[in-house]
Every structure is written in structure tokens, then in C-alpha cells.
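Asker: sequence first, predicted model second:
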Amino acid sequence: MKRKPLAIWSAIAVSALLAGCSTDHYARQLIQQDTSYGRIWEAMVGTSGQLVETKSISAARRYTMPDKTEIDVWVIKALPRPRPRGTVLVIHGLCDSKVTYLRLARMIADKGFDVILPDLRAHGRSTGKYVTYGALEKQDLKRVVDELLKEGLVPGPLYALGQSMGAAVAIQYAAIEPSVKGVMAVAPSRDLRTTCRRLINNIAPFMSNEDFEKVLARAGEIGGFDPNDGSSVDAIAELQCPVLLMHGKLDVAVPYTDSEALYAAANFPKELRLDPLAGHIGMPIGREAEILKGIEKIASGTIPTTSQPVSEP
């Protein structure tokens with residue numbers, strides 16, 4: 001009896017492994033992320049009421065979405081001056097929470113901007129079970145910001161800042177909210193499908209594209225979203241405002257080529273800054289000064305109308 005090549009035996013082993021896990025199992029692996037890290041950090045800082053009382057934040061709100069998901073939000077008002085220079089929506093990344101960006105938010109407020117800090121659905125103090133990588137999150141944020149503006153708690157003009165998944169959400173949100181006057185995206189992913197493919201590769205690296213599409217479609221059915229409605233590349237092409245992209249060249253979670261693709265798809269004014277020594281976790285924490293400069297650049301309208309990607313020294 002001839003021995004089958006190793007590649008054939010490997011394929012058989014992989015097929016057997018995949019057969020033991022259903023499409024539903026992998027679909028839930030995509031949208032039921034472990035967000036306990038962010039929840040633990042939020043629990044450590046105290047309740048929203050305590051934070052307001054100690055003036056660590058200016059206000060706290062909680063809004064119910066059409067599907068009954070509750071989005072928890074903090075607001076930090078700018079330091080006293082004739083009037084705020086506008087409002088910056090700061091959006092956290094996957095498995096994180098708004099508390100991680102509390103220090104950065106205070107620094108932005110010191111520059112004269114009001115700041116909105118939301119917990120995305122299924123993160124932090126917000127409810128919800130499923131992560132949808134922008135498909136539903138952008139609509140959540142539109143409702144939240146609309147309510148805050150209606151209440152008069154924050155003023156325009158409005159800017160959006162996000163990191164990782166939050167950066168992708170920021171781009172997608174700005175595409176459906178024309179009042180956004182500028183976007184700063186730090187280590188953004190190019191689209192929902194690419195992000196999910198990378199996640200699947202971590203748990204089932206030999207899954208075929210056909211099986212992956214079945215898993216992704218099932219994830220959409222379970223989570224109540226359209227997997228095609230989460231493309232930052234498509235969204236950035238629709239923006240009518242300046243965009244500043246930042247990415248680390250050592251990022252292995254979200255390769256910097258995603259930002260290059262976004263930059264290529266964006267209209268001017270736009271700018272891409274690549275840091276040759278930064279990875280994923282180091283953006284933007286530890287680079288607050290660069291973030292503040294970026295916000296100032298967007299607000300002042302000095303993003304170039306023609307430019308090439310810039311590598312930091």
C-alpha cells in the first residue's frame with residue numbers, strides 16, 4: 001500500500017477538525033469577543049455618578065437603541081473659555097472601553113474641545129452581545145451624538161477620532177454624518193470582511209474562502225447585521241471632510257497596508273503618517289502628543305490638499 005503524501009493527510013486532518021466545529025461556532029467566535037478587559041478597567045474607576053461627582057467627567061448619559069441595546073456615554077467639557085472649539089468623538093478599539101481614553105480625552109479638553117466618550121455595543125458599560133465591526137456601531141453613534149447635540153450638551157463642529165476598530169467605525173460614522181468636519185483614524189482596518197478573515201485565520205487557518213463566506217453570512221444572521229455594510233474603504237471614498245491616518249509599520253494585528261488602501265481611496269484633503277517603530281498596541285497610547293497635533297491640524301484645516309504618505313523619522 002502506497003503512503004499518501006503528507007499534504008493529503010494534512011488536508012484530511014484539517015477537514016476532520018473543521019467538521020467537528022459548526023458554522024455557528026465559528027460565526028459566534030467572530031462576533032462574541034471577550035470584552036472583559038475593558039469592563040474590568042471601567043469597574044475600577046467607579047460609577048458614572050461618582051465620576052461626575054468628583055468632576056472626573058462632566059456628564060454621563062445612557063441611550064437605548066432600536067434593538068434595545070443601551071449605549072453608555074461620558075462627556076468631558078472643555079476648560080472654561082468663551083466657547084468650545086467643537087466636539088471630538090473618541091472611539092475605542094475592539095475589546096477595549098472608553099476608560100482607556102479618559103486621559104487622552106482630558107488632554108483634548110485642555111485644548112478647548114468638548115469630548116464624547118462612548119462604549120461601543122458589547123463593550124464597557126454598554127449592553128449588547130455582538131460586535132459588528134461598524135455595521136451597527138456607526139448607527140449607534142449617530143443616534144448618540146444626535147441626542148447630545150439636541151440636548152445642547154455638546155456643540156459643533158464635530159470631529160471623530162478612533163483607534164483600531166474604533167478608527168474604522170469613525171470613518172464609517174463620518175460617511176453617514178455629513179456634519180463631521182474631520183476624521184483622525186489610528187491603525188484602522190480596511191473593512192469588516194478583511195478583519196473577520198484575519199480573526200478566522202487565528203482559529204481556523206486552513207478554512208476555505210467558501211466556508212469563510214458561509215461563516216460570515218451566518219455571523220450576520222446571528223448578530224442582525226449585513227456583513228457587506230462595514231467597509232471603511234467604501235466609506236472613506238464618500239467623505240467630504242479632511243482625513244488624517246496614522247499607522248505603525250510594525251503593526252501585525254492590522255497591517256499598515258490597510259491605511260495605505262484607505263489613503264488611496266480617500267479624497268483630498270488627506271494625510272497618512274507611518275511610524276516605522278510602532279506596533280498596534282502602542283497606537284495611540286503613549287503618543288498622545290501626536291494625537292493632539294493631529295486634532296489641531298484637522299480643526300485648523302491644514303491637512304494638505306496634495307500629499308504623499310509620510311514616514312516618521
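Answerer: Cool, the structure landed.

Asker: partners of the helix or strand that contains Leu272, with directions?
Answerer: Following DSSP states H and E, one finds Leu272 within strand 270-275. If you go by DSSP bridges, strand 270-275 pairs up with strand 243-248 (parallel), strand 310-311 (parallel).

Asker: give me the beta-bridge partners of His247?
Answerer: Leu274.

Asker: doesn't Leu274 make contact with it?
Answerer: Yes. Look at His247 against Leu274 with C-beta atoms under 8 Å: they come within range, at 5.7 Å. All C-beta atoms are positioned from the backbone trio N, CA, C, and that covers glycine.

Asker: look at the spatially closest residue to Ala219 that is not a sequence neighbour and give its secondary structure.
Answerer: Closest residue to Ala219 apart from its sequence neighbours, by C-beta to C-beta, 6 or more residues apart in numbering: Ala27 at 4.0 Å. What DSSP: H, G, I helix; E, B strand; the rest coil gives for Ala27 is helix.

Asker: one step back: save the strands paired with strand 270-275 as JSON lines, and put in mean neighbour count, distance to Arg218 and mean pLDDT too.
Answerer: Shown next, in JSON lines, are the strands paired with strand 270-275 (neighbours: other C-beta atoms under 10 Å; distance: least, C-beta to C-beta, whole Å; pLDDT from 0 to 100):
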{"stretch": "strand 243-248", "mean neighbour count": "26", "distance to Arg218": "31", "mean pLDDT": "96"}
{"stretch": "strand 310-311", "mean neighbour count": "11", "distance to Arg218": "41", "mean pLDDT": "62"}
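
Asker: let me see the contact set for the spatially closest residue to Glu296 that is not a sequence neighbour.
Answerer: Closest residue to Glu296 apart from its sequence neighbours, by C-beta to C-beta, 6+ apart: Lys111 at 6.8 Å. By C-beta atoms under 8 Å, 6 or more residues apart in numbering, the contact set of Lys111 is 78, 85, 292, 295-296.

Asker: lowest-confidence entry in the residues you listed?
Answerer: pLDDT across these is lowest for Arg85, at 92.

Asker: how many neighbours does that residue have?
Answerer: Here the number of neighbours of Arg85 (other C-beta atoms under 10 Å) works out to 20.

Asker: the spatially closest residue to it that is not a sequence neighbour sits in which helix or strand?
Answerer: Leaving aside its sequence neighbours, Arg85 sits nearest to Gly112 (C-beta to C-beta, 6+ apart; 4.3 Å). Using DSSP H and E, Gly112 falls within no helix or strand.
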